[in-house]
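1. model this:
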Amino acid sequence: MPIRKQDSNVFDNFELRLNESSKKFLRKASKWAFVLSMIGFVASGILLFVGIFSLIFFKEAQTVFAGFSEFPPYVYAIFYILIAIVNFFPGLYLFSFSKRMNAALRDKSTSDLEKAFSKLGTYFIFVSLAILSSIFVFLIIILLFM
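-> Numbering: from 1, shown residues only. Take a look at the predicted model:
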């Protein structure tokens with residue numbers, strides 16, 4: 001037991017330093033996170049537009065889609081709007097990561113670096129949960145239609 005306490009005390013005082021190569025990679029990751037966040041925002045906007053457009057004109061769409069599906073078109077419109085809302089958050093987390101990382105590297109701020117990695121961690125958790133829940137929903141749908 002005392003060995004573990006001694007080992008943990010050694011690592012409690014450990015300080016991580018970023019060399020220029022690491023900073024370069026973090027800047028590159030920050031730029032790509034910004035690009036991906038913008039793509040996510042645009043995709044969310046398009047999905048939201050399609051959903052709202054479908055809600056406004058669902059009476060005309062109901063006659064067009066009557067033969068294709070048993071669900072009314074407003075169900076699809078609500079689905080698009082929900083997907084747009086869910087899709088917005090990963091983009092927001094990546095955008096926050098990008099801005100915080102740029103600030104941390106520019107100002108040499110440990111708190112901004114910590115917040116940036118926190119946002120990146122939140123992004124990964126959100127995307128992982130979204131993927132797992134999507135797989136679960138698709139499995140349920142497949143089982144219902146069998």
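2. what residue ranges in the protein score low on pLDDT?
-> The model of the chain has pLDDT under 70 over residues 1-14, 59-69, 71.
3. tell me the centre residue of it?
-> Closest to where the C-alpha atoms of the chain average out (C-alpha atoms, centre = their mean) is residue 90, at 1.6 Å.
4. Residue 137 versus that one, what's the distance?
-> For residue 90, the distance to residue 137 equals 18 Å [C-beta to C-beta, to the nearest Å]. Yep, even glycine has a C-beta here, placed from its N, CA and C like the rest.
5. measure residue 78 to residue 47 for me?
-> Residue 78 sits 12 Å away from residue 47, going by C-beta to C-beta.
6. higher neighbour count, these two?
-> Just comparing residue 78 and residue 47: by other C-beta atoms under 10 Å the higher neighbour count belongs to residue 47, 20 against 13.
7. Verify the contact between that one and residue 87 for me.
-> Yes: if you go by C-beta atoms under 8 Å, residue 47 and residue 87 touch, sitting 6.5 Å apart.
8. which of the residues in the strand or helix carrying residue 75 are buried?
-> Residue 75 belongs to helix 73-107 when elements are defined using DSSP states H and E. Neighbour-count burial for helix 73-107, with 16 or more other C-beta atoms under 10 Å as criterion, is recorded at 73, 76-77, 80-81, 83-84, 87-105.
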